[in-house]
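Peer 1: next come a sequence and a model predicted from it.
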Amino acid sequence: MKRTALDALPLFADDAAIGQALLGVKRADEWRKLAPIFEGKDGFPPIDATMGGRYVPAVIAFFETLYGLRSDGPKRPDGIERPEAWNDRRRRAVGQR
């Protein structure tokens, strides 16, 4: 299997490094908006308070499952998330369910 930028990270990496590995240098700042979306999905690793970052092998496993490279989990994303279209009313309504 081909090595990726994620493979070059330490076992626990902060979101700045993960964003750069996932999206590249020019789009790395976008990860701050995207990370909370993925945090709400099953299997996405939280930031480990002791280690100060996310467990990178779990980040890789999450995306491999999401895109169907592993047999467990969804075979492809269920749509495009557009956080800029969200508003406070919708967030409150979702939280009240």
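Peer 2: Noted; the coordinates are in hand.

Peer 1: so where's this protein shaky on pLDDT?
Peer 2: For the chain, the stretches flagged by pLDDT under 70 are 1-3, 71-81, 87-97.

Peer 1: where do the strands of it begin and end?
Peer 2: Using DSSP state E, the strands assigned to the chain run over residues 12-13, 47-48, 53-55.

Peer 1: and the second one, what does it pack onto?
Peer 2: The reference is to strand 47-48. strand 53-55 (3 or more C-beta pairs under 8 Å, 6 or more residues apart in numbering; DSSP states H and E). All C-beta spots, glycine's among them, are computed from the backbone N, C-alpha and C.

Peer 1: helices of the chain, residue ranges please.
Peer 2: 15-23, 31-39, 56-66, 88-95 (DSSP state H).

Peer 1: adding distance to Ala5 and mean neighbour count, write those helices out as a markdown table.
Peer 2: Below are these laid out as a markdown table (distance: least, C-beta to C-beta, whole Å; neighbours: other C-beta atoms under 10 Å):
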| stretch | distance to Ala5 | mean neighbour count |
| --- | --- | --- |
| helix 15-23 | 4 | 18 |
| helix 31-39 | 13 | 14 |
| helix 56-66 | 10 | 18 |
| helix 88-95 | 32 | 9 |
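
Peer 1: a markdown table please, covering those helices and showing distance to Arg82.
Peer 2: What follows is the helices of the chain, written out as a markdown table (distance: least, C-beta to C-beta, whole Å):
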| stretch | distance to Arg82 |
| --- | --- |
| helix 15-23 | 16 |
| helix 31-39 | 10 |
| helix 56-66 | 17 |
| helix 88-95 | 12 |
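
Peer 1: quick one: which of those helices is nearest Asp7?
Peer 2: Nearest to Asp7 among the helices of the chain is helix 56-66 (7.8 Å), distances taken as C-beta to C-beta.

Peer 1: chain center to the closest one: distance?
Peer 2: 8 Å (C-alpha atoms, centre = their mean, to the nearest Å).

Peer 1: list the helices and strands that helix packs on?
Peer 2: With contacts taken as 3+ C-beta pairs under 8 Å, 6+ apart, helix 56-66 sits against helix 15-23.
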